[in-house]
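K.L.:
based on what follows, work out the 3D shape:
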Amino acid sequence: MTDPAGILVGYARCSTDAQDLTAQRDRLAELGVAEERIYTDHGLTGTNRDRPGLDQALAAVRAGDTLVVPKLDRLARSIVDAHAIASELEAKGVRLSLGGTIHDPSDPMSKMFFSMLATFAEFEVDLLRMRTREGMKVAKANGKLRGKQPKLSAANQRRLCQMHGTGEHTIADLAETFNVSRATVYRVLAAAEAARPGGGA
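P.N.:
Residues are numbered from 1 along each chain as shown. As a prediction, the model looks like this:
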């Protein structure tokens, strides 16, 4: 008997190398996705459309299949990309499951809910950017970023990793912003990677 949902293909993503995909993998498994059919991107933001794992997931699905993501913000972090990906899946005859809820583009309520989720996902990205910029202005105004410091505070290390995770800042940009050497930036990122579960393996 043919499964009416076709093959379930999963996709998971995290923005920084310091984050872990275990929770998303577990959620996809709960939704019925086989481990070998889960595609991932690690250290890439949802605003970056150039994601190898996503490209592989989109290439793996065929008409009648279902692409499963834990939440919409794992798939896209902008309204434009969210709708573009959904339209691409619809054209291929592939369904989109958002945490177990099927997005039906032909249903007005489903379309409205999808648009709301995409709007909130984009809003969260814009809010993070705004807070980061404001935090840096306050730090500079207080003289905390004047002169090269031997090391960054824990708060600034977290902020540096967040900025790096957006994919919008080069190592040189971060070094200039925090007034440290590029070697210091690499050390902070390496330390964050080592601190995450399994990062030191």
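K.L.:
in a strand, L152, correct?
P.N.:
No: if the criterion is DSSP: H, G, I helix; E, B strand; the rest coil, then L152 is coil and not within a strand.
K.L.:
so T166 touches T45, yeah?
P.N.:
Yes: counting by Cβ atoms under 8 Å, T166 does reach T45; the two are 5.3 Å apart. The C-beta positions use only the backbone N, C-alpha and C, and glycine is treated the same way.
K.L.:
let me know how buried G32 is, in neighbour terms.
P.N.:
Per other Cβ atoms under 10 Å, the neighbour tally for G32 reads 15.
K.L.:
quick one: it is in a helix?
P.N.:
No: G32 is assigned coil when assessed by three-state DSSP, not a helix.
K.L.:
just the pLDDT for the residue nearest to it when sequence neighbours are not counted.
P.N.:
If the residues on either side of it in the chain are set aside, G32 comes closest to L8, at 5.4 Å by Cβ to Cβ, 6 or more residues apart in numbering. In this model, L8 is scored at 96, pLDDT.
K.L.:
contacting residues around the longest strand along the chain?
P.N.:
Using DSSP state E, we find that the single longest strand of the chain is strand 8-14. Residues from elsewhere that reach strand 8-14 (Cβ atoms under 8 Å, 6 or more residues apart in numbering): 20-21, 24-25, 28, 31-34, 37-44, 46, 51, 53-54, 57, 60-61, 65-70, 74-75, 97.
K.L.:
can you select the buried ones from these in ChimeraX?
P.N.:
Listed next is the ChimeraX selection for buried residues among these, using 16 or more other Cβ atoms under 10 Å:
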select :21,24,25,28,31,33,37,38,39,40,41,43,44,46,51,53,54,57,60,61,65,66,67,68,69,70,74,75,97
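K.L.:
give me the subset of the contacts of strand 8-14 lying in helices.
P.N.:
24-25, 28, 53-54, 57, 60, 74-75 (DSSP state H).
K.L.:
can you add pLDDT and give those residues back as a markdown table?
P.N.:
Compiled in a markdown table, the ones in helices among the contacts of strand 8-14 are given as follows (pLDDT from 0 to 100):
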| residue | pLDDT |
| --- | --- |
| Q24 | 92 |
| R25 | 94 |
| L28 | 96 |
| G53 | 93 |
| L54 | 92 |
| A57 | 95 |
| A60 | 95 |
| R74 | 88 |
| L75 | 86 |
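K.L.:
hang on, I7 packs against R37?
P.N.:
Yes: with contact defined as Cβ under 8 Å, I7 counts as touching R37 (6.9 Å).
K.L.:
quick one on the thing from earlier: distance of the residue nearest to G32 relative to D20?
P.N.:
Noted for L8: a distance of 22 Å to D20, by Cβ to Cβ, to the nearest Å.
K.L.:
state the helix or strand in which the nearest residue to R182 once chain neighbours are set aside lies.
P.N.:
Closest residue in space to R182, ignoring its immediate chain neighbours: A175 at 4.6 Å, by Cβ to Cβ, 6+ apart. For A175, the element it lies in under DSSP states H and E is helix 171-177.
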